[in-house]
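Colleague: Build me a model from this:
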Amino acid sequence: MATSAIAVGERVQLLKVPQWLVHDLPSDEQEEIASFVGKWTVVTDIDDFGYYWVAFSATRAEGDVGGCSGHSFCVPVGCLGRAG
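Modeller: Numbers count the residues shown, from 1 in each chain. Down below sits the predicted model:
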């Protein structure tokens, strides 16, 4: 359940990704960010506009080579859920 009482440092679940966040991104990045829905992370900041900053990382293997990418982005509180 989303609530405006979420604080910096609090563990949250990404419930959805706003379309305005991903619509200009390449399709592989859109898919990667969409894969974070349902995952848990920590709020790292709340900016002056009231957006909540979160960060996720993803790993991938391509043959003998692996990679890691990270994404930090902001979402409105309605995109986040709290534990408990």
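
Colleague: Show me the contact partners of the longest helix along the chain.
Modeller: For the chain, the longest helix by residue count, based on DSSP state H, is helix 27-34. Helix 27-34 is contacted by residues 17, 21-22, 25, 56, 58, 69, 71, 73 when judged by C-beta atoms under 8 Å, 6 or more residues apart in numbering. For glycine as for every other residue, the C-beta is placed from the backbone atoms N, C-alpha and C.

Colleague: How far away from the center of its chain is the helix or strand containing G81?
Modeller: Under the criterion of DSSP states H and E, G81 resides in strand 80-82. Strand 80-82 sits 11 Å away from the centroid of its parent chain (C-alpha atoms, centre = their mean, to the nearest Å).

Colleague: next one: stretch 7-16
Modeller: Here stretch 7-16 is found 9 Å from its chain centre; the criterion is C-alpha atoms, centre = their mean.

Colleague: What lies in contact with it?
Modeller: With contacts defined as C-beta under 8 Å, 6+ apart, stretch 7-16 is touched by 2, 6, 36-46, 52, 54, 56, 75, 78-83.

Colleague: re earlier: run me through the strand neighbours of the following helix or strand past the longest helix of the chain, direction for each.
Modeller: Per DSSP H and E, the first helix or strand lying C-terminal to helix 27-34 is strand 40-42. Strand pairing for strand 40-42, using DSSP bridges, gives strand 11-14 (antiparallel).

Colleague: Give the buried residues for the strand it pairs with.
Modeller: For strand 11-14, the neighbour count (16 or more other C-beta atoms under 10 Å) marks 12-14 as buried.

Colleague: Return the alpha-carbon coordinates of that strand using CSV.
Modeller: Extracted as CSV, the C-alpha positions of strand 11-14 are listed here (Å, rounded to 0.1, in the frame of the first residue of the first chain):
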residue,chain,number,x,y,z
ARG,A,11,12.7,-0.1,2.6
VAL,A,12,10.1,0.0,-0.2
GLN,A,13,8.7,-2.1,-3.0
LEU,A,14,8.5,-0.7,-6.5
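
Colleague: on that earlier part again, in a markdown table: the contacts of helix 27-34, plus neighbour count, distance to E31 and pLDDT.
Modeller: As requested, the contacts of helix 27-34 are arranged in a markdown table below (neighbours: other C-beta atoms under 10 Å; distance: C-beta to C-beta, whole Å; pLDDT from 0 to 100):
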| residue | neighbour count | distance to E31 | pLDDT |
| --- | --- | --- | --- |
| V17 | 17 | 11 | 98 |
| L21 | 16 | 13 | 95 |
| V22 | 17 | 9 | 96 |
| L25 | 13 | 9 | 95 |
| F56 | 17 | 13 | 94 |
| A58 | 15 | 10 | 75 |
| S69 | 12 | 12 | 78 |
| H71 | 15 | 12 | 89 |
| F73 | 17 | 15 | 96 |
